[in-house]
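Q: Structure for the following, please:
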Amino acid sequence: MKDLNIGMVGLDTSHASVFTRLLNDPGGEHHVRGGKVIKAFPGGSPDFELSVSRIGRITEEVRSHGVEIVDTLEEAAEGTDAVLLESVDGSTHLEQLRRLIVYGKPIFIDKPFSLSSSDAEEMAALASAYSTPIMSSSALRFSEGLRRVLSRQDKGAIIGADCFGPMDMIAGQGYFWYGIHAVEMLFAILGEGAEAVNAKWNNDHDFIVGQWRDGRIGTVRGYRSGSQQFGALVHFEKGTEYVNVAADTKPFYASLLEEIICFFQDGSPGIELSETLEIIRFIESAGASRVSGERVYMNRIHGK
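A: Residues are numbered from 1 along each chain as shown. Below is the predicted model:
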């Protein structure tokens, strides 16, 4: 397997420093082989405090791993084999992808893929028009514990799931900010086919109920007080299995990076783009339900 030279865009998220360390430090615990970040563009969203306040520190952390810090997004893509698009503000991803897609290199777009289904559909259209593979995912779907439960062959079919995790809310980001993690776990368990969403909330908790076309029901419980643990109950025909993400021996970021490197090598994403688009519609619908207090049918989002 060829060692890849990787460009990075967006140094305003902890993922940028964690990914760089896992890739660039061969002596580090859980080192991921197959690629190295060689150039990075800090980027940042000047009107987003959680971007501006972190970009200086994270840029220095990335630089400390031998990465060249460049002045433009284009420089980060030039002379590399693949691109990690890490910008923390999902609303910037469409415009950044427009500028990156012309290089024809596989691109991983960190969560959230976008903040609307209309942006997501345009991003998918760009990937198709330029015949360039793109992939997006939360690391939680690649948790060791979740994968182990989903590999069970002795429990029959999966008939439902209940996922949970912290769900801080940031103005303008809604469920896309932190809710996307538990939603990704839910889709890793149930797959595509969601048709309706109902969201309830108070100051401390959110509860999202999704209904699939085949009748299965999946839920996401998010909390802003108490435990900060991610996990799930996976309901099979012959019993229920508990997933405790905190019990994983390998960090889920390392598991995600292994998937990303495989994707960069062969162009085949670990999650289909059609599923990513459905996740964005699901979260968008959940946000609409949170406002209206009513069930929202996903096919009414942009006529899909």
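Q: Now do the strands in the protein.
A: Applying DSSP state E to the chain gives strands spanning 4-9, 35-41, 68-69, 82-85, 107-110, 134-137, 158-166, 194-201, 205-212, 217-223, 231-236, 239-244, 296-297.
Q: What's the mean pLDDT across the third one?
A: If I follow you right, that is strand 68-69. Across strand 68-69, the average pLDDT comes to 98.
Q: what's in contact with it?
A: Applying CB atoms under 8 Å, 6 or more residues apart in numbering, the external contacts of strand 68-69 come out as 38-42, 59, 62-63. C-beta here means a position set from N, CA and C on the backbone, and glycine is covered the same way.
Q: Let me know the closest of these to S268.
A: For S268, the closest of the contacts of strand 68-69 turns out to be I38, at 23.5 Å, with distances computed as CB to CB.
Q: residues in contact with that closest one?
A: With contact taken as CB under 8 Å, 6+ apart, I38 is in contact with 5-7, 67-68, 80.
Q: Now render these as TSV, adding distance to K111.
A: What follows is the contacts of I38, written out as TSV (distance: CB to CB, whole Å):
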residue	distance to K111
N5	24
I6	18
G7	19
V67	22
E68	26
T80	22
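Q: need the residues you listed in a markdown table with neighbour count, can you?
A: Rendered in a markdown table, the data for these read as follows (neighbours: other CB atoms under 10 Å):
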| residue | neighbour count |
| --- | --- |
| N5 | 14 |
| I6 | 29 |
| G7 | 29 |
| V67 | 24 |
| E68 | 13 |
| T80 | 20 |
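Q: which one among the residues you listed gets closest to R147?
A: For the contacts of I38, the minimum distance to R147 (CB to CB) is 24.4 Å, reached by I6.
Q: tell me the contacts of that closest one?
A: If you count contacts by CB under 8 Å, 6+ apart, I6 has them with 23, 35-38, 80-84, 264.
Q: Helices of the protein, residue ranges please.
A: Assignment of helices within the chain using DSSP state H yields the ranges 14-24, 49-63, 73-77, 93-100, 117-129, 144-150, 179-190, 252-266, 273-292.
Q: Restricting to C-alpha, output the third one in CSV.
A: Once non-C-alpha atoms are left out, helix 73-77 reads as follows in CSV (Å, rounded to 0.1, in the frame of the first residue of the first chain):
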residue,chain,number,x,y,z
LEU,A,73,-6.9,26.1,0.4
GLU,A,74,-5.5,25.5,-3.1
GLU,A,75,-2.0,25.1,-1.8
ALA,A,76,-3.1,22.5,0.6
ALA,A,77,-4.5,20.4,-2.3
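Q: contacts for it?
A: Counting contacts by CB under 8 Å, 6+ apart, the residues outside helix 73-77 that touch it are 7-9, 39-41, 43, 70, 83, 96, 99-100, 103, 105.
Q: let's see it at 6 Å
A: Under the contact criterion CB atoms under 6 Å, 6 or more residues apart in numbering, helix 73-77 has outside partners 7, 9, 39, 41, 70, 83, 99-100, 103.
Q: who does M8 bridge with?
A: Under DSSP bridges, the beta-bridge partners of M8 are A40, L84.
Q: Can we start the residue count at 25 from this point?
A: Sure thing, new numbering starts at 25, so read that last one as M32.
Q: Test my guess that it contacts K63.
A: No: under the criterion of CB atoms under 6 Å, M32 lies out of contact with K63, with a separation of 7.2 Å.
Q: Of those two, give the one with the bigger neighbour count.
A: When M32 is set against K63 and neighbours are counted by other CB atoms under 10 Å, the residue ahead is M32, at 30 against 20.
Q: contacting residues around that one?
A: In this structure, M32 makes contact with 61, 64, 108, judged by CB under 6 Å, 6+ apart.
Q: A206 touches M191, doesn't it?
A: No: under the criterion of CB under 6 Å, A206 lies out of contact with M191, with a separation of 7.3 Å.
Q: Comparing those two, which shows the higher neighbour count?
A: Relative neighbour count places A206 above the other of A206 and M191, with 26 against 23, counting by other CB under 10 Å.
Q: Roughly how far does that one sit from S249?
A: Look at A206 and S249: by CB to CB, to the nearest Å, they are 16 Å apart.
Q: Excluding residues flanking it in the chain, which one is nearest C286?
A: Once flanking residues are discounted, C286 sits nearest to G294: 7.0 Å by CB to CB, 6 or more residues apart in numbering.
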